[in-house]
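Here is a sequence together with a model predicted from it:
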Amino acid sequence: MAHQVVWLLPALDDLQAIGQYISAGSPRYASIVVQDLLDAARQLADFPLMGPRVPEWSEDEYRQRIVYSYRLIYRVRPPRVEVLAVLHGARLLPETHRDRT
């Protein structure tokens, strides 16, 4: 059974900020990166546990996908997968992202 993939508003804001930042140097590359992040999230509908656990958090429900140098952080709560954040891999993952709703 496919899960419903839900992007939380803060995660959509993250995605938009990443697209805008990359677009300043290359609009074409920005489009590719954003589309690949969206595709990675879409795959979670059928394979919600495909990403490894978030190393900063010990719970199994928090997982991540790495796309280029970005971390797509998500929470598995059947029948939903909630995309919590998208951030550059060099950034620290704030604890507050765990409680996004």
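Yep, it's here. Numbering: from 1, shown residues only.

any idea how far the longest helix along the chain is from the chain center?
Looking across the chain with DSSP state H, the single longest helix is helix 27-43. Put simply, helix 27-43 sits 11 Å off its chain's centre (C-alpha atoms, centre = their mean, to the nearest Å).

quick one: contacts of it?
Under the criterion C-beta atoms under 8 Å, 6 or more residues apart in numbering, residues 5, 7, 15, 18-23, 50, 65, 67-68, 70, 72, 74, 81, 83, 86 lie in contact with helix 27-43. No exception for glycine: its C-beta is placed from N, CA and C like everyone else's.

Could you rerun that using 6 Å?
By C-beta atoms under 6 Å, 6 or more residues apart in numbering, the residues outside helix 27-43 that reach it are 5, 19, 22, 23, 65, 67, 68, 72, 83.

Going by contacts, tell me the helices and strands next to the helix or strand following it.
Toward the C-terminal end, the helix or strand that comes next after helix 27-43 (DSSP states H and E) is strand 62-67. When contacts are defined as 3 or more C-beta pairs under 6 Å, 6 or more residues apart in numbering; DSSP states H and E, strand 62-67 packs onto helix 27-43, strand 70-77.

Tell me which of those is the most buried.
Highest mean neighbour count among the helices and strands packed on strand 62-67 (mean count of other C-beta atoms under 10 Å): strand 70-77, with a mean of 22.

any idea of the mean pLDDT for that strand?
Mean pLDDT, computed over strand 70-77, is 97.

Give the partner strands of the helix or strand just after that strand in its sheet and their orientations.
Sequence order places strand 80-88 as the next helix or strand after strand 70-77, per DSSP H and E. Looking at strand 80-88 with DSSP bridges, its partner strands are strand 4-7 (parallel), strand 70-77 (antiparallel).
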